[in-house]
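Undergrad: Below are the sequence and a predicted model for it; my questions follow.
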Amino acid sequence: MNYMSMFQWQQEYSVGYPQIDEQHKRLFELADELHAAMLAGKGKEILGKILGSLVAYTKAHFATEERLMQAHQYPDYAVHKAAHDGLTSQVIKFQKDFERGRAAMSVDLLQFLKEWLTHHIGETDRKIASFLKARAA
């Protein structure tokens with residue numbers, strides 16, 4: 001399929017901490033898969049499956065970040081964890097609504113995911129990565 005992806009990984013998104021960067025790239029790939037399936041008019045079952053993968057991977061990624069923050073006594077841990085929890089509950093609510101037929105997969109959802117990913121990576125996760133790199137030095 002030839003389309004312009006909303007979720008193209010760019011080097012500027014790199015936070016410079018390999019484990020976190022790899023997981024962020026995977027989040028972009030899953031979001032892109034969801035976007036492509038939506039554009040291709042895939043059915044609810046396929047969209048639901050991809051959304052499920054994205055939700056599961058997001059939770060696993062957040063758990064990794066939270067373990068790193070705790071292991072290195074990251075000072076803003078509580079704030080960052082609250083941001084993770086907020087996003088997780090929003091996405092799970094959407095997932096439930098989607099499964100019950102109360103919400104459609106839309107460009108609005110994808111836009112929300114894109115803004116969240118780029119903002120969270122660009123600002124919040126970059127601070128964690130800088131902190132972790134400084135601790136390792």
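TA: Everything's here; your move.
Undergrad: Quick check, Y13 in contact with H24.
TA: Yes: Y13 is within contact range of H24, at 6.3 Å (criterion: C-beta atoms under 8 Å). (C-beta placed from N, C-alpha, C; glycine too.)
Undergrad: Who has more neighbours out of those two?
TA: Shown here are Y13 and H24; by other C-beta atoms under 10 Å, H24 has more neighbours (20 against 17).
Undergrad: need the contact list for that one.
TA: Contacts for H24 (C-beta atoms under 8 Å, 6 or more residues apart in numbering) come out as 9, 13, 15, 61, 117, 121, 125.
Undergrad: Now go through those residues and say which are in helices.
TA: 61, 117 (DSSP state H).
Undergrad: Name the helix or strand for Q19, please.
TA: Applying DSSP states H and E as the criterion places Q19 in helix 18-39.
Undergrad: The host helix or strand of A134 packs against which elements?
TA: If you go by DSSP H and E, A134 is part of helix 126-136. Helix 126-136 is packed against helix 44-71, with contacts defined by 3 or more C-beta pairs under 8 Å, 6 or more residues apart in numbering; DSSP states H and E.
Undergrad: Counting neighbours, which bits of the helix or strand following the helix it packs on end up buried?
TA: Per DSSP H and E, the first helix or strand lying C-terminal to helix 44-71 is helix 77-99. By neighbour count on 16 or more other C-beta atoms under 10 Å, the buried set for helix 77-99 is 77, 80-81, 83-84, 87, 91, 94-95, 98.
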